[in-house]
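Undergrad: only geometry, no sequence info:
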């Protein structure tokens, strides 16, 4: 058992009186905990150090079809065991027209003890724009900002856990393990790596918790379903916003994570369950057979833009691969060839625009990245000599090795 878990298991009864403090120090000696971490834990438990303020951003758009899940998410936020005066909820409605805004507003009116702000926009600014509005509406004393999807249900102790870990390890972005909403113990995500094609590689998807996740480990970027960021790091990387508004959706948590690493900050996953998530219920699937044209356009535009913003050594071959896929059989059957071709062209233009406007250049090798040897790239992507099942197994093995090598001991 790690020192972190040992301390967490005992801290509920430690510091109740001065007679119990020696026990805490004995446990600390055997657990080999750093003095700084010990001081923080004692201070929090004994009330000698104020808990940092946290602003939680929750974006809504036409969620009437998942209203029961959305209200469950809000109810969970109101029941956090974090000090009630140290966190606030910021609900940003992206111009909903299905009555979901009114239902959410009425629900929040009944939560008198919850510090909250409700902002209604005149139009849909997307995931990026909605969260940026929430970020600017935060309490200026907040040390951390949390993003929570309206289809994610956080655990009661999750905010406390995430803040304690962020303070203990002094990290700037942090994910916990998120489970599937309908499948207890099955992992929805434990953060993400990026590969050399700047493709997202979610960690632990469909694996049974805890899988290989036994210790905290570094990741490329945290999943936006439920993540905590240090405000000071965000402001240095992005200014007074979380994301580039131009992306609308899909060009958000991945680019932010890479920006954090490029500015010398660190992103971590902790081995604790923090939420359950009904993925794709609010924005749509990533699978081509289930995606809407808008989902497909935004996802591929983001991919092409990131390629043009980064130093991936497979920049041009990957763009050619994306172009080839846009002419594939599946896309042709669904009449989406023009949509996909346009997404890649628009993505390349967007990448160029952002480089010129903000001077952005992303070194993907500054953070954890899944490397791909040239023979494997051509075998899997250009010539398509391996099945999708073998490609999945290829990346699963890569992820396992990388997780092990990035564990924080």
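TA: The structure has been received and is ready for your questions. As the structure is a prediction and not an experimental result, all values here were calculated from the model.
Undergrad: OK, contacts around residue 400?
TA: residue 212 (C-beta atoms under 8 Å, 6 or more residues apart in numbering). Where C-beta positions appear, they are placed from N, C-alpha and C, glycine not excepted.
Undergrad: For the remainder of this discussion, apply numbering that starts at 32.
TA: With the count now opening at 32, the last piece we talked about shows up as residue 431.
Undergrad: I'd assumed it was in a strand, is it?
TA: No: going by DSSP: H, G, I helix; E, B strand; the rest coil, the assignment for residue 431 is helix, not a strand.
Undergrad: Surely residue 176 is in a helix?
TA: No: assigned with three-state DSSP, residue 176 falls outside any helix and is strand.
Undergrad: That one and residue 87: what is the separation?
TA: The spacing between residue 176 and residue 87, counted by C-beta to C-beta, to the nearest Å, is 8 Å.
Undergrad: now residue 152
TA: In terms of C-beta to C-beta, residue 152 sits 18 Å off from residue 87.
Undergrad: who has more neighbours, these two?
TA: Set residue 152 next to residue 87 and count neighbours by other C-beta atoms under 10 Å: residue 87 wins out with 26 against 17.
Undergrad: Distance-wise, check that one relative to residue 189.
TA: Going from residue 87 to residue 189 by C-beta to C-beta gives 11 Å.
Undergrad: likewise residue 204?
TA: Distance of residue 204 to residue 189, given as C-beta to C-beta: 15 Å.
Undergrad: cool, and residue 165?
TA: 19 Å.
Undergrad: Same check on residue 214?
TA: For residue 214, the distance to residue 189 - C-beta to C-beta - is 19 Å.
Undergrad: okay, those two: which has more neighbours?
TA: The neighbour count for residue 214 versus residue 189, taken as other C-beta under 10 Å, is higher for residue 189 (24 against 12).
Undergrad: Tell me, what's the model's pLDDT at that one?
TA: Looking at residue 189, its pLDDT is 98.
Undergrad: For it, which non-adjacent residue is closest in space?
TA: Sequence neighbours aside, residue 305 is the residue nearest to residue 189 in space, at 3.9 Å (criterion: C-beta to C-beta, 6 or more residues apart in numbering).
Undergrad: tally of neighbours for the one you found?
TA: With other C-beta under 10 Å as criterion, residue 305 counts 23.
Undergrad: Tell me which stretches of this protein form strands.
TA: Applying DSSP state E to the chain gives strands spanning 85-91, 118-124, 147-151, 175-179, 183-185, 204-211, 218-220, 223-226, 231-233, 248-249, 257-261, 298-308, 400-401.
Undergrad: now what about the fifth one, what contacts it?
TA: The set of residues external to strand 183-185 that reach it, using C-beta under 8 Å, 6+ apart, is 100, 103-104, 107-108, 111, 179, 209, 212, 256-257, 305-309.
Undergrad: mind running it again at 7 Å?
TA: Applying C-beta atoms under 7 Å, 6 or more residues apart in numbering, the external contacts of strand 183-185 come out as 103-104, 107-108, 179, 209, 256-257, 305-308.
Undergrad: Parallel or antiparallel, list what pairs with that strand.
TA: Partner strands for strand 183-185, per DSSP bridges, with pairing direction: strand 298-308 (antiparallel).
Undergrad: what is the mean pLDDT for the strand it pairs with?
TA: 98.
Undergrad: Next, the angle from it to strand 204-211.
TA: 30 degrees (axes from the mean of the first three to the mean of the last three C-alpha atoms, to 10 degrees).
Undergrad: Work out the gap between strand 298-308 and the centre of the chain.
TA: Centroid separation for strand 298-308 versus its chain: 10 Å, with C-alpha atoms, centre = their mean, to the nearest Å.
Undergrad: again with stretch 259-274
TA: How far stretch 259-274 lies from its chain's middle: 14 Å, per C-alpha atoms, centre = their mean.
Undergrad: so where's the stretch 182-331 of the chain uncertain?
TA: Across the stretch 182-331 of the chain, the ranges flagged by pLDDT under 70 are 312-322.
Undergrad: Just give me the neighbour total for residue 133.
TA: Applying other C-beta under 10 Å, we find 12 other residues in the vicinity of residue 133.
Undergrad: An error on my part: the question was meant for residue 369.
TA: 11.
Undergrad: Can you give me the pLDDT of it?
TA: Looking at residue 369, its pLDDT is 82.
Undergrad: elements contacting the lengthiest helix in the chain?
TA: Determined from DSSP state H, the single longest helix within the chain is helix 368-389. Using 3 or more C-beta pairs under 7 Å, 6 or more residues apart in numbering; DSSP states H and E, the elements in contact with helix 368-389 are helix 324-340, helix 346-357.
Undergrad: Quick one: work out the angle between it and helix 346-357.
TA: Going by the same axes, to 10 degrees, helix 368-389 makes 150 degrees with helix 346-357.
Undergrad: What lies in contact with helix 368-389?
TA: For helix 368-389, contacts defined as C-beta under 7 Å, 6+ apart pick out 275, 277, 324, 327-328, 331-336, 338-340, 350, 353-354, 357-358, 362, 391-392.
Undergrad: Filter the residues you listed down to just the buried residues.
TA: Buried residues within the contacts of helix 368-389, defined by neighbour count using 16 or more other C-beta atoms under 10 Å: 275, 277, 327-328, 331-336, 338-340, 350, 353, 357, 362.
Undergrad: How is the chain divided into domains?
TA: Residue ranges for the domains of the chain, per automatic domain parsing: 34-77, 85-308, 324-436.
Undergrad: Thanks a lot, catch you later.
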